[in-house]
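# Below: sequence and its predicted model.
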Amino acid sequence: MTVAVGFANVSASYGAREVLSNVTTAFAAGAVTGIVGPNGAGKTTLFRTALSLMRLAGGSIHVLDKPLAQWSREGLARTIAYLPQGSDAHWPVKARQLVSLGRLPHRAAFAALAPVDAIAIDEALSRCDAQQFAERRMDELSAGERARVLFARALATSAPVLLADEPAAYLDPSHQLRLMELLREEAARGTAVAVTLHDLALASRHCDELVVLHEGRVAGQGAPAGALSDALLARVFGIAALHVPDPSGGPATLTPWRRL
């Protein structure tokens, strides 16, 4: 697979506190890469470094084979769509207007929406099952409905890289599954999709690759079955898990079972 975002020995710090240490990994085009790990492991920080929102303390990052430092802000905004953790919007704007913000990187300042923008917005709303409240105000929607609109905004960017930080939060089980289907659909289009998840069952079932972070370092990576070994689950998460076979012959689903 083609590497869309590559991290080589990346280190990053908040003041004197190191949060990433010599991280080497990659997000591949056409694949869903799950980033998992305990709270404070460095998952969000990894995304922030790729977005050039944090200065590196060491190492390098390449986006589409180009050093991150050589990207303009505008070019990076068109290339990487980002859904931040805990993003929410209680603004008195209509959902469709908010989704239209995803097209800003493709437009000149103050320019009106072009037909191609309108198509991208409508498609994103439809794919996120949010078109039925496109004309409702964001502050009138439930948390789960707002989450779907915000995800539609990211999809509307039509970027070759999509970073989604805990997008399954606030979603009911049906829409969590739909979210993972959407991520897989994006990958099938050739997008490099990276998603942070706390739900190991979703991660093991729907991701092509997993990167397990622990205390700012890569504790394991690869296909879910290998990356989430029993030994790693015990060492990193302090849990034992069940591995539930897929009746259709797909990969087994991991279900956290008990604390150790």
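Yep, that arrived. Every value quoted in this text rests on a predicted model; they were computed, and no experiment measured them. Numbers count the residues shown, from 1 in each chain.
# CA atoms only: put the helix or strand in which His243 is found into CSV for me.
Following DSSP states H and E, one finds His243 within strand 239-244. The C-alpha coordinates for strand 239-244 follow below in CSV (Å, rounded to 0.1, in the frame of the first residue of the first chain):
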residue,chain,number,x,y,z
ILE,A,239,-7.3,-6.6,30.7
ALA,A,240,-8.1,-10.1,29.4
ALA,A,241,-10.4,-10.4,26.4
LEU,A,242,-12.5,-12.9,24.5
HIS,A,243,-12.0,-13.4,20.8
VAL,A,244,-15.4,-14.0,19.2
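# How about residues contacting that strand?
Residues from elsewhere that reach strand 239-244 (CB atoms under 8 Å, 6 or more residues apart in numbering): 200, 228, 230, 233-234, 252-260. In short, each C-beta sits where N, CA and C put it, glycine included.
# and the spatially most central residue of the chain, what are its bridge partners?
Among the residues of the chain, the one closest to the centroid is Ala164, at 2.1 Å (CA atoms, centre = their mean). With DSSP bridges as the criterion, Ala164 is bridged to Leu83, Val195.
# Can you give me the buried ones in the strand holding His243?
Applying a neighbour-count criterion of 16 or more other CB atoms under 10 Å, one finds Ala241 buried in strand 239-244.
# List the strands paired with it, with their directions.
Strand 239-244 pairs in its sheet with strand 253-259 (antiparallel), by DSSP bridges.
# mean confidence for the strand it pairs with?
Averaged across strand 253-259, pLDDT comes to 90.
# And for stretch 61-75?
Average pLDDT, stretch 61-75: 96.
# Endpoint to endpoint, it covers what distance?
15 Å (CA to CA, to the nearest Å).
# which outside residues touch that stretch?
Residues outside stretch 61-75 that contact it (CB under 8 Å, 6+ apart): 3-8, 10, 49-50, 52, 60, 76, 79-80, 105, 160-161.
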